[in-house]
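J.: curious how this folds, go ahead:
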Amino acid sequence: MVQVTELTNLAVDLVDVHKTYKKKVHALRGVNVQVRRGEIFGLLGPNGAGKSTLVKIMMTVVRPDKLIGTILGRPLGNRKKLAVTGYLPENHRFPAYLTGAQLLDHYGALAKVPKAVRRKRAAELLERLAMSRWAKTRVGEYSKGMMQRLGLAQALLNDPELLVLDEPTDGLDPAGRLAVRELLQELRARGKTIFLNSHLLSELEMVCDRVSILIGGLVARQGTLAELTEHTVEYRIATAAVDLSAVREAVERCGAKVDGSEVILTGHDTAKVNELIDLLRGREIVIESVTPHRFSLEEVFMETLGTSGQS
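T.: Next up, the predicted model:
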């Protein structure tokens, strides 16, 4: 048997994860997820795809039916590795009678962070997340966005190697989402690993190195954004022509198609693009622009939903 060591470059390595709830609800049906150290990894999928279940299994909140895997080079549930993992659950609840500062001190103590260290770090995190003025205010008076910022501060209090965030920008306004994105990028630059579960695809697209699309308890696609969108690259040649029907047949022989006053070529073949430009110029058609286009993460997600039959 091969011994697992911390020399692995995977912060999260989960293989063949299965989970069935009562009434035979198959939440996960053989999920494989690998997250490299020092990257921001995004998990996305429609409601009921099993995303939160997978996160809870990683954090030992839910017990899987079957799983092979490690977190930070050790089996799931290893206490030393849980101690250097930060976790923000979805729809978290905090004691309403504690102030923000008291709550962070309480959670820091539970994580066995020394008193002087946790108080210094709590003050720094509250300042970083624009919550200093609310430090002595009871949590019961916080808005949803303030609760989310406090939850993120709680997850960071133990200076984790791995940060697991379930819908971290839920309830935040645009300025708050920007602040969280900037913070996550700073953490990545410091070598932290971040696992994000979010339904906000535009947020994931801006910060993630790689993503996994989970549908129906299975991983439908996984990779870098460039890998996921590689097959969706196309070139759009815009012309001044009102009608391109006269060149339609010639355009189609080049592997492209006519769409109104545009010629669209799918793929990376720049030689074909030049061939089409020469063709159009040879017919004295004025070319206004040549624009490469790649699908967004949202477009890839919707395409994946469509091919899975769940759109």
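J.: tell me how this protein divides into domains.
T.: Following automatic domain parsing, the chain resolves into domains at 10-227, 234-293.
J.: okay, those domains, which one's buried deepest?
T.: Mean neighbours per residue, mean count of other CB atoms under 10 Å, is largest over the domains of the chain for domain 10-227, with a mean of 18. For glycine as for every other residue, the C-beta is placed from the backbone atoms N, C-alpha and C.
J.: show me how far that domain is from its chain's centre.
T.: 11 Å (CA atoms, centre = their mean, to the nearest Å).
J.: quick check: phi and psi at the closest residue to residue 30 other than its chain neighbours.
T.: Closest residue to residue 30 apart from its sequence neighbours, by CB to CB, 6 or more residues apart in numbering: residue 16 at 5.3 Å. Dihedral angles phi and psi of residue 16 (degrees, to the nearest 10) take the values phi 60, psi 50.
J.: what sits against residue 16?
T.: 30, 31, 32, 66, 67, 68 (CB atoms under 8 Å, 6 or more residues apart in numbering).
J.: which one of those is nearest residue 306?
T.: The closest of the contacts of residue 16 to residue 306 turns out to be residue 31 (CB to CB; 20.9 Å).
J.: widest-spaced pair of the contacts of residue 16?
T.: Spanning the widest gap among the contacts of residue 16 are 32 and 66, at 12.3 Å by CB to CB.
J.: which regions of the stretch 201-311 of the chain lie under the pLDDT threshold?
T.: Filtered on pLDDT under 70, the stretch 201-311 of the chain yields the residue ranges 231-232, 307-311.
J.: average pLDDT for stretch 12-31?
T.: For stretch 12-31, mean pLDDT is 91.
J.: okay, stretch 240-250 in CSV with CA atoms only?
T.: The C-alpha coordinates for stretch 240-250 follow below in CSV (Å, rounded to 0.1, in the frame of the first residue of the first chain):
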residue,chain,number,x,y,z
ALA,A,240,-20.5,46.2,-44.0
ALA,A,241,-22.5,44.0,-46.3
VAL,A,242,-26.3,43.9,-45.9
ASP,A,243,-26.6,40.4,-47.5
LEU,A,244,-23.9,37.7,-47.7
SER,A,245,-25.9,35.1,-49.5
ALA,A,246,-23.7,35.4,-52.6
VAL,A,247,-20.7,34.1,-50.6
ARG,A,248,-22.5,31.7,-48.3
GLU,A,249,-21.5,28.6,-50.3
ALA,A,250,-17.9,29.6,-50.4
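J.: what residues does it touch?
T.: For stretch 240-250, the surrounding residues in contact (CB under 8 Å, 6+ apart) are 251, 258, 260, 261, 263, 279, 280, 283, 285, 286, 287, 288.
J.: next, the first one: phi, psi?
T.: If I follow you right, that is residue 251. Torsion angles, degrees, to the nearest 10, at residue 251: phi -60, psi -40.
J.: in strands, which of the contacts of residue 16 fall?
T.: Of those, the ones assigned to strands by DSSP state E are 30, 31, 32, 66, 67, 68.
J.: follow-up on the earlier one: now the domains of the chain as CSV including distance to residue 306?
T.: Formatted as CSV, the domains of the chain follow (distance: least, CB to CB, whole Å):
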stretch, distance to residue 306
domain 10-227, 11
domain 234-293, 17
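J.: nearest to residue 304, out of the ones you listed?
T.: Closest to residue 304 of those is domain 10-227 (CB to CB; 5.0 Å).
J.: can you get me the start-to-end distance on that closest one?
T.: Across its full length, domain 10-227 reaches 19 Å between end residues, using CA to CA, to the nearest Å.
J.: for stretch 239-250, same thing?
T.: Stretch 239-250 has an end-to-end distance of 16 Å (CA to CA).
J.: the closest residue to residue 104 other than its chain neighbours: which element?
T.: Leaving out its chain neighbours, the residue that sits closest to residue 104 by CB to CB, 6+ apart is residue 122, at 3.9 Å. Element membership of residue 122 [criterion: DSSP states H and E] is helix 115-128.
J.: looking at the contacts of residue 16, which is nearest residue 213?
T.: Closest to residue 213, out of all of those and judged by CB to CB, is residue 31, at 11.4 Å.
J.: gap between that closest one and residue 148?
T.: 27 Å (CB to CB, to the nearest Å).
J.: next one: residue 176
T.: 7 Å.
J.: who touches both of the two?
T.: Common neighbours of residue 176 and residue 148 (CB under 8 Å, 6+ apart) are residue 169.
J.: name the nearest residue to residue 256, ignoring sequence neighbours.
T.: Using CB to CB, 6+ apart, the closest residue to residue 256 is residue 265 (4.2 Å).
J.: in its sheet, which strands sit next to whichever strand or helix holds the one you found, and in what direction?
T.: For residue 265, the element it lies in under DSSP H and E is strand 262-266. The pairing partners recorded for strand 262-266 under DSSP bridges are strand 234-239 (antiparallel), strand 257-259 (antiparallel).
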